[in-house]
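In: Build the 3D model from these lines:
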Amino acid sequence: MKRLLLFLLLMLTLPAAAMAEDVYTLLDPNGDPLTFYAGECEPGDEYISSDNQHYRVKTVNHDDHTAAVEHIGQVELPDVSWLEVVDNATPVSASKHLIAIYCTHSDESYIEGDGKQSDEERGGIYDIADEFAARLEDCGATVVVSDQTHLPHDSGAYRRSRSTAVELLKQQPRAVFDLHRDGIPDPDEYAVTIGGKKMSKVRLLVGKSNQNKEANLDFAKHIKAVGDKLYPGLIKDIYMGKGTYNQDLAPRCILLEFGTHTLSKERVMNSTGPMADVAFRALFGGITGSAGASDVRGSSSAGEKPAAESNEGSGAVWWIVGALVLGIFLFGILSTGSLKGGSEKWKRSFSEMTGGLIGKRNRRE
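Out: This next block holds a predicted model:
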């Protein structure tokens, strides 16, 4: 209740412009505020909290902008224990580490840093995109950032940004990130300190109305698993809302909310480095050689295990070969009735199998 009162106070004291976007309060089964969502909630929306609890929106009250949720259970994130040994992997070339970035809501800015929360020419979100791209390149990625704007910030923004996403996908990136900043009034929702440095949390959004929902959700879970391991507190949560966010175009398209308009831009900038590290490792960590070359539309999933683990398959092949050789030898002994005869028969059989490269050739040939 105390948290809800604080939120209502903020809503009353902020300028009217800050309330342009509806902010819904998600209420847990006890009726207490669970989180906030800048956008219109609808029944069926899903939410994965910072502590990996899974919720689903049951009912929505549009009059007071609240949404009651039910608790589904604990989410099991992917195993990322390979992070402990991934530094020994051989890196692949940067040209195969292609990542694309664009900004659907081109006006989004930060009051502390940009002087306003919305810039109808070019929002401060593009500065975040450029910094995020630079940090990804520091990790070893090749990044293409679209400067295309999609103004105004209305219901048609995603339709306009779709053409941008399509153009980016022609370059076959491994992943596409649509960068935003949230519209939640309370800066404490995103404020975090990691390693003694003030930063911003990052929320992951997945559109539930597209055929790639499961693939994109798996990707989001993988990012969260890596983030929780490397930078606890960096990944705020995962929200699955209505619409597609253009994520129907490919299976590794994620919307990233870098902070909110009431959080300082400096804090958000500070989070781009850790987030780049997380995104890069989630996509390429542990992959060696040409295994990292799959593009965003490929079948390989983010965060594959080290290619060295594929040796398990070759090991099985050698066991089969060994068993075959032993079987032929035993058959030779049984059919001839002696060890010497069995040995001679094995040599002739193995010679025939290998085209005479190994074993004793039959003299009649």
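
In: May I have the predicted confidence score for the nearest residue to residue 245 once chain neighbours are set aside?
Out: Nearest residue to residue 245, sequence neighbours excluded (Cβ to Cβ, 6 or more residues apart in numbering): residue 207, at 4.1 Å. Glycine gets a C-beta too; all of them are placed from N, C-alpha and C. Residue 207 carries a pLDDT value of 97.

In: got it, and the one 4 residues further on?
Out: The score at residue 211 is 92. That number is its pLDDT.

In: try residue 252
Out: Predicted confidence (pLDDT) for residue 252: 97.

In: Use 2 as the first number from now on
Out: Noted, 2 is the first residue going forward, which turns the last one into residue 253.

In: how about the closest residue in space to it that isn't next to it in sequence, phi and psi?
Out: With sequence-adjacent residues excluded and distances taken as Cβ to Cβ, 6+ apart, residue 253 is closest to residue 176, at 4.2 Å. Phi and psi for residue 176, reported as degrees, to the nearest 10, are phi -150, psi 160.

In: Beta-bridge partners for residue 176, please?
Out: residue 100 (DSSP bridges).

In: Spit out the contact partners of it.
Out: Residue 176 makes contact with 100, 101, 220, 253, 254, 255, 280, 284, 297, 303 under the criterion Cβ atoms under 8 Å, 6 or more residues apart in numbering.

In: what's the closest non-adjacent residue to residue 192?
Out: According to Cβ to Cβ, 6+ apart, the nearest residue to residue 192 is residue 264 (6.3 Å).

In: Low-confidence ranges, the protein, go.
Out: 2-22, 87-96, 287-366 (pLDDT under 70).

In: distance of the closest residue to residue 50 other than its chain neighbours from residue 227?
Out: Leaving aside its chain neighbours, residue 50 sits nearest to residue 238 (5.4 Å; criterion: Cβ to Cβ, 6+ apart). Separation of residue 238 from residue 227 (Cβ to Cβ, to the nearest Å): 15 Å.

In: Give me the more crowded residue out of these two.
Out: residue 227 (27 against 23; other Cβ atoms under 10 Å).

In: Tabulate the CA atom coordinates of whatever helix or strand that one lives in in CSV.
Out: Using DSSP states H and E, residue 227 maps to helix 214-231. The C-alpha coordinates for helix 214-231 follow below in CSV (Å, rounded to 0.1, in the frame of the first residue of the first chain):
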residue,chain,number,x,y,z
LYS,A,214,6.8,-15.4,-29.5
GLU,A,215,8.3,-18.6,-28.0
ALA,A,216,11.6,-18.2,-29.8
ASN,A,217,11.9,-14.5,-28.7
LEU,A,218,10.8,-15.4,-25.2
ASP,A,219,13.5,-18.0,-25.0
PHE,A,220,16.0,-15.4,-26.2
ALA,A,221,14.8,-13.0,-23.5
LYS,A,222,15.1,-15.7,-20.9
HIS,A,223,18.6,-16.4,-22.0
ILE,A,224,19.6,-12.8,-21.8
LYS,A,225,18.1,-12.6,-18.3
ALA,A,226,19.9,-15.8,-17.2
VAL,A,227,23.3,-14.3,-18.4
GLY,A,228,22.5,-10.9,-16.9
ASP,A,229,21.6,-12.5,-13.5
LYS,A,230,24.8,-14.4,-13.5
LEU,A,231,27.1,-11.6,-14.6
